[in-house]
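Peer 1: Model the following, please.
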Amino acid sequence: MKSLPPLGQSRQPTLVGQLLIPLGHGCAFHRVSGPVTSPAGRPVGVLRPVPVGFDRSVSALFTPCGEPKRTARSSIPPADRISFRIESEVRYRGHAGSVIILVAKPSKAALRPGLDLGNRAGTLCNGARLFAIPGDVRWLHHGLIISVSGNVPIETLKRLAANIVVS
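Peer 2: Sure thing, here's the model as predicted:
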């Protein structure tokens with residue numbers, strides 16, 4: 001019988017599912033008027049320009065935004081913990097629908113075997129490879145995962161991805 005490699009040392013790429021802020025972190029979106037800027041230099045992805053149809057309201061959320069109500073204890077050494085820290089989320093709403101741009105930083109353990117971001121879905125004009133899972137298009141940008149999701153068709157998400165600027 002084959003034995004499994006030690007946790008965090010697998011050679012299989014880390015599967016990246018839907019990225020969400022966990023419940024109980026006290027996070028809330030705050031309405032933004034004017035350009036979205038990040039406190040303390042945290043990375044943020046924004047639409048430039050904001051397309052008609054998604055320009056009725058803009059709100060943003062930056063982490064850390066509170067303490068979890070309870071913290072799970074882990075026997076996994078920190079160097080082997082696979083995690084994705086959400087840095088920011090920006091939500092655009094309008095008559096065309098609602099989209100969220102999320103920026104996440106994978107842990108070193110998640111990056112070690114590589115990331116499986118989904119199915120290949122094209123290429124951005126800067127050469128970044130797009131990947132998709134249902135309702136979400138994502139790519140890597142300087143070690144960060146950039147994700148755009150929403151209640152619009154995947155082709156719309158791919159078009160919007162071309163207008164996202166990360167700072």
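
Peer 1: Residue 15: how many residues sit nearby?
Peer 2: Using other CB atoms under 10 Å, residue 15 is surrounded by 12 other residues. Every C-beta, even on glycine, is put in place using the N, C-alpha and C of the backbone.

Peer 1: For it, which non-adjacent residue is closest in space?
Peer 2: Leaving aside its chain neighbours, residue 15 sits nearest to residue 116 (4.7 Å; criterion: CB to CB, 6 or more residues apart in numbering).

Peer 1: give me the beta-bridge partners of residue 122?
Peer 2: Taking DSSP bridges as the rule, residue 122 bridges to residue 130.

Peer 1: Am I right that the residue nearest to residue 15 is in contact with residue 110?
Peer 2: No. Using CB atoms under 8 Å, residue 116 makes no contact with residue 110, being 10.4 Å away.

Peer 1: neighbour-wise, which of those two wins?
Peer 2: Taking other CB under 10 Å, residue 116 and residue 110 do not tie; residue 110 has more neighbours (21 against 14).

Peer 1: Now do the shared contacts for residue 116 and residue 110.
Peer 2: Shared contacts of residue 116 and residue 110, defined by CB atoms under 8 Å, 6 or more residues apart in numbering, comprise 14, 16.

Peer 1: Quick one: residues contacting residue 158.
Peer 2: Per CB under 8 Å, 6+ apart, neighbours of residue 158: 121-122, 130, 132, 137.

Peer 1: and residue 60, what is it in contact with?
Peer 2: 29-30, 32, 36, 44, 88-91.
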